[in-house]
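Visitor: Got a predicted structure plus its sequence, pasted below:
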Amino acid sequence: MLNVAILGASGYTGAELIRLLHLHPHVRIAALSAESQAGQTLHETFPHLGQLPNQTLVKIEDIDFSAIDLVFCCLPHGTTQSVIAGLPTHLRVIDLSADFRLRDPAAYAEWYGHPHQALSLQEEAVYGLTEHARDAVGSARLVANPGCYPTASLLPLLPLVKQGLLQTDRLVIDAKSGISGAGRSVKRNLLFTELDEGMSAYSVSRHRHTPEIEQGLTDAAGAAVQVTFVPHLIPMKRGMVATIYASLAAGASLADIRASLSQAYQNEPFIELLDSQSFPSTQAVRASNCCQMGVYAGRREQEVILVSAIDNLVKGASGQAVQNMNVMYGWPETMAVDALPVYP
Ligand SMILES: NC(=O)c1ccc[n+]([C@@H]2O[C@H](COP(=O)([O-])OP(=O)(O)OC[C@H]3O[C@@H](n4cnc5c(N)ncnc54)[C@H](OP(=O)(O)O)[C@@H]3O)[C@@H](O)[C@H]2O)c1
């Protein structure tokens with residue numbers, strides 16, 4: 001059995017990891033950490049997990065890591081890098097925070113407002129967008145699990161940009177997220193009364209997932225790519241849709257776009273390419289590790305619209321993390337991760 005610890009287990013991504021991992025035949029959840037909620041039991045923290053064996057959530061410093069093989073890190077960005085730097089080096093780590101996603105330390109400092117505290121670990125980290133990084137993830141010690149908006153954006157875009165089918169100077173990503181994307185800690189602007197029956201854009205052109213998306217697209221294009229990225233919060237608990245406006249490269253057609261995505265993802269259990277009469281929706285991926293995507297013609301010549309939908313807590317976080325763990329240990333990628341949604 002693989003002994004895993006979940007650091008930051010009292011948050012939303014921690015809850016999803018516990019929900020998924022308890023079904024895994026090769027995994028034992030050996031330790032759960034919390035900060036302000038340390039000392040509570042799992043059943044107190046998450047009544048919906050009351051059927052699982054109970055255990056107490058402890059502070060990170062109270063975990064005996066000598067008995068642990070793999071750590072899932074669900075901590076706030078900035079915290080993670082100092083915590084991981086202090087862990088024994090025999091541990092493999094899947095980090096769900098943003099701390100190890102940006103390769104360029106200057107970009108990290110610019111977007112996160114402080115110098116990176118664990119540069120050697122950042123050099124070692126592998127960016128774990130599973131469908132595009134299997135070989136590297138398989139041998140990695142430290143996997144930087146992608147952000148939710150980058151997952152929803154890069155999955156449809158990477159094959160197309162790699163093949164030069166889109167004009168990369170005209171990419172506009174208009175994305176909407178459910179509120180759980182902001183985590184479980186109490187914040188006034190996330191109160192029900194502030195959010196219900198409303199919708200707003202935020203961090204326009206300065207959201208921290210922008211450089212992560214640009215890093216992936218720049219790698220794929222082999223030249224610097226900048227995007228316009230506008231996130232929105234909408235009053236639902238979970239789910240995310242990215243609507244991407246692009247222009248076809250000279251000589252490329254809509255059929256080429258569809259063929260490229262179809263070829264890239266034909267054997268992928270977690271990617272569903274819809275026909276042009278169907279549209280990705282958060283309902284269709286709720287609690288599933290699936291990314292639905294569709295390709296649509298714009299009204300103007302050369303215009304193409306891509307739409308993708310994921311569950312931010314599953315394919316955008318904990319589901320992809322378990323998928324990555326399965327790759328790291330050579331198990332079937334779908335083990336304990338479901339592509340089927342919960343409905344309604
Ligand atoms: N939510 C999403 O959709 C999503 C998607 C992709 C990636 N992520 C990333 O994944 C990470 C976790 O997200 P989340 O939504 O699960 O966050 P969350 O609900 O706010 O949970 C954060 C966890 O970290 C613990 N924590 C907070 N400050 C700490 C500290 N100083 N030292 C040790 N532990 C501390 C909290 O413990 P207490 O509650 O006990 O204080 C809690 O267990 C974040 O970096 C986030 O950006 C989130």
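Guide: Nice, thanks for sending it over.

Visitor: The closest residue to C73 other than its chain neighbours - how many residues pack around it?
Guide: Leaving aside its chain neighbours, C73 sits nearest to D95 (4.4 Å; criterion: C-beta to C-beta, 6 or more residues apart in numbering). To be clear about C-beta, it is placed using only N, CA and C from the backbone, and glycine gets the same treatment. Other residues near D95 come to 27 when the count uses other C-beta atoms under 10 Å.

Visitor: V172 now?
Guide: There are 14 residues near V172, going by other C-beta under 10 Å.

Visitor: what ranges of the stretch 51-200 of the chain fall below the confidence cut-off?
Guide: Within the stretch 51-200 of the chain, no stretch has pLDDT under 70.

Visitor: got the contact list for the residue nearest to C73?
Guide: Applying C-beta atoms under 8 Å, 6 or more residues apart in numbering, we find D95 in contact with C73, T80, I84, A125, L142, V143, A144, N145.

Visitor: longest helix of this protein?
Guide: Ordering each helix of the chain by length in residues (DSSP state H) puts helix 148-162 first.

Visitor: quick one: contacts of whichever helix or strand comes after it?
Guide: Remark: after helix 148-162, the chain's next helix or strand is strand 172-177, criterion DSSP states H and E. With contact meaning C-beta under 8 Å, 6+ apart, strand 172-177 is reached by 148-149, 152-153, 199, 213, 227-234, 239-246, 312.

Visitor: for stretch 128-144, same thing?
Guide: By C-beta under 8 Å, 6+ apart, stretch 128-144 touches 84, 91-95, 99-101, 121, 124-127, 145-146, 150-151, 154-155, 158, 216, 264-265, 268, 270-271, 320-321, 323-324, 327-328, 330, 333.

Visitor: ChimeraX command for the buried members of the residues you listed?
Guide: If you want just the buried ones from those in ChimeraX, going by 16 or more other C-beta atoms under 10 Å, the selection is:
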select :84,91,92,93,94,95,99,100,101,121,125,126,127,145,146,150,151,154,155,158,216,264,265,268,270,271,320,321,323,324,327,328,333
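
Visitor: What sits closest to the closest residue to the ligand within the chain if chain neighbours are left out?
Guide: Closest to the ligand within the chain is G11: 1.9 Å, counting by C-beta to the nearest ligand atom. For G11, ignoring the flanking residues on the chain, the nearest one in space by C-beta to C-beta, 6+ apart is R184 at 4.7 Å.

Visitor: picking that back up, the residue of the chain closest to the ligand contacts A182, doesn't it?
Guide: No: taking contacts as C-beta atoms under 8 Å, G11 lies outside contact range of A182: 10.7 Å.

Visitor: So for the two, which residue has more residues nearby?
Guide: Applying other C-beta under 10 Å to G11 and A182 shows that G11 carries more neighbours, namely 22 against 16.

Visitor: confidence score at the more buried one?
Guide: Per-residue confidence (pLDDT) for G11: 98.

Visitor: And for A287?
Guide: Taking A287 on its own, its pLDDT is 97.

Visitor: quick check, H48 in a helix?
Guide: Yes: assessed by DSSP: H, G, I helix; E, B strand; the rest coil, H48 belongs to a helix.

Visitor: Tally up the residues packed near it, please.
Guide: H48: 9 neighbours (other C-beta under 10 Å).

Visitor: Could you give the number of residues near Q292?
Guide: What Q292 shows, counting by other C-beta under 10 Å, is a neighbour count of 26.

Visitor: Pop out the phi and psi values for it.
Guide: In terms of degrees, to the nearest 10, the main-chain angles of Q292 are phi -90, psi 140.

Visitor: before we move on, what about L248?
Guide: Main-chain torsions, L248, degrees, to the nearest 10: phi -60, psi 140.

Visitor: nearest residue to it other than its sequence neighbours?
Guide: Q302 (4.6 Å).

Visitor: right, and that neighbour touches Y245 too?
Guide: No: with contact defined as C-beta under 8 Å, Q302 does not reach Y245; the gap is 11.4 Å.
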